[in-house]
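Chemist: The following comprises the amino acid sequence and a computationally predicted model.
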Number of protein chains: 2
Amino acid sequence: MYIILVYDIKFDKDGVGQKILPKVFKICKKYLYHIQNSVFEGELTKSEIFKLKKELEEVIRKDEDSIIVFQSRNERWLNKNFWGVVEDKTSNFL
Amino acid sequence: MYIILVYDIKFDKDGVGQKILPKVFKICKKYLYHIQNSVFEGELTKSEIFKLKKELEEVIRKDEDSIIVFQSRNERWLNKNFWGVVEDKTSNFL
């Protein structure tokens, strides 16, 4: 399955979100390519998707943090266009 | 065409990015649904995609700001899962 994952980790005064963000980023980088700010993509098997979901759900706050996963059975059904700068796939975020 | 649009507007010391962001947000909101932080989705015709692209390219810095547009000929080829909070479609960002 071809996956696009986008996340939005809420930052707040107590700094919890700021600690969660690098954890979420590291987990996503294990499975997917980082293509932009909080956006990842890649080809995963169903069991990899299950593992990714489980790992992420252990670190995010289910009532505050948002992760959206778009799944397409075939990468060819989805084309990708860059308007503006083309991000380098290897991010130096962390 | 079913569209997912994600943007990453670079913030810098001179504050230019901070002025571009609300403009980009407003343009996207005219054509698409805001579903998360810098993520929009919706069904657009080819001419609407052309107009959206043109408007956005007039405000972004092509060598700094990143907009990625995923296009699928059919929304049914793409399913969407929320892990964590389900964002309200009407954003109070602006």
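Modeler: Cool, got the structure. Since we're looking at a predicted model, the values are computed, not measured.
Chemist: Compute the first-to-last residue distance for stretch A:56-70.
Modeler: End-to-end distance for stretch A:56-70: 16 Å, by CA to CA, to the nearest Å.
Chemist: Please identify the residues of chain A in proximity to chain B?
Modeler: A:4, A:6, A:8, A:35-39, A:53, A:56-57, A:60-74, A:77-87 (CB under 8 Å from any CB of the partner chain). For every residue, glycine as well, the C-beta is placed using N, CA and C.
Chemist: Filter those residues down to just the ones in strands.
Modeler: Among these, the ones falling in strands (DSSP state E) are A:4, A:6, A:8, A:35-36, A:39, A:66-72, A:78-84.
Chemist: Could you identify the buried members of those?
Modeler: Buried members of these, counted by 16 or more other CB atoms under 10 Å in any protein chain shown: A:4, A:6, A:8, A:35-36, A:39, A:66-72, A:78, A:83-84.
Chemist: State the mean pLDDT of stretch A:30-38.
Modeler: The average pLDDT for stretch A:30-38 rounds to 93.
Chemist: Could I get the contacting residues of A:V16?
Modeler: A:R61 (CB atoms under 8 Å, 6 or more residues apart in numbering or on different chains).
Chemist: mind checking the longest helix of chain A?
Modeler: For chain A, the helix reaching the highest residue count under DSSP state H is reported as helix A:16-31.
Chemist: rewinding a little: looking at the buried ones among the ones in strands among the residues of chain A next to chain B, which two lie furthest apart in space?
Modeler: A:Q71 and A:G84 (25.8 Å; CB to CB).
Chemist: low pLDDT regions in chain A?
Modeler: A:87-94 (pLDDT under 70).
Chemist: swap the cut-off to 50 and go again
Modeler: The model of chain A has pLDDT under 50 over residues A:90-94.
Chemist: residues contacting the residue nearest to A:I3 when sequence neighbours are not counted?
Modeler: Using CB to CB, 6 or more residues apart in numbering or on different chains and skipping the chain neighbours, the partner closest in space to A:I3 is A:L44 (5.3 Å). By CB under 8 Å, 6+ apart, the contact set of A:L44 is A:1, A:3, A:31-32, A:52.
Chemist: for A:V24, same thing?
Modeler: Contacts of A:V24 by CB under 8 Å, 6+ apart are A:7, A:9, A:56, A:59-60, A:65, A:67.
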